[in-house]
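> Kindly generate the corresponding structure for this input.
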Amino acid sequence: MSRGKKLDIFIGADIDDSWAQVQSPRASQIADEILEPQKHLLVFAKEKRRGKIVTLVGEFHITKEDASKTLKLLKKKLGCGGAFKDGWMEFQGELKDKLKELLLSEGFRFKHS
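This next block holds a predicted model:
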């Protein structure tokens with residue numbers, strides 16, 4: 001009894017030696033200029049991450065030292081966690097109304113106010 005021909009199945013991709021790194025542009029450009037709080041026009045965004053709500057505020061054009069001071073002050077007054085990434089401040093929870101009051105008292109302005 002003969003077994004017949006073996007099936008020659010090739011699964012995969014043809015990889016040659018010409019590797020290239022994929023360069024994707026940043027989602028947001030970090031501005032080099034530093035603005036005063038009165039010249040900012042901030043916006044709010046709300047996202048869900050792992051089933052929890054995260055409030056985003058930005059885009060800030062301030063130094064990292066000023067951003068960390070402002071973030072620390074806001075987190076302390078709100079009693080929540082947060083981070084500063086790519087010019088945006090992220091806060092845990094739905095805090096739009098409270099954040100707006102605190103940032104207005106710090107001198108920041110908002111779009112659609």
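> Show me the longest strand that occurs in the chain.
Taking DSSP state E as the criterion, the chain has its longest strand at strand 41-49.
> Put the alpha carbons of it into CSV.
Extracted C-alpha coordinates of strand 41-49, given in CSV (Å, rounded to 0.1, in the frame of the first residue of the first chain):
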residue,chain,number,x,y,z
LEU,A,41,-7.7,77.2,25.4
LEU,A,42,-8.2,73.9,27.1
VAL,A,43,-10.7,71.2,26.1
PHE,A,44,-12.2,68.2,27.9
ALA,A,45,-12.3,64.6,26.7
LYS,A,46,-13.7,61.5,28.4
GLU,A,47,-12.5,58.0,27.8
LYS,A,48,-13.2,54.6,29.2
ARG,A,49,-10.2,52.5,30.1
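> Check the average confidence over that strand, would you?
Taken as a whole, strand 41-49 carries a mean pLDDT of 92.
> so how far is that strand from its chain's centroid?
Centroid displacement of strand 41-49 relative to its chain, using C-alpha atoms, centre = their mean, to the nearest Å, is 9 Å.
> next one: stretch 92-110
On the basis of C-alpha atoms, centre = their mean, stretch 92-110 sits 18 Å off its chain's mean C-alpha point.
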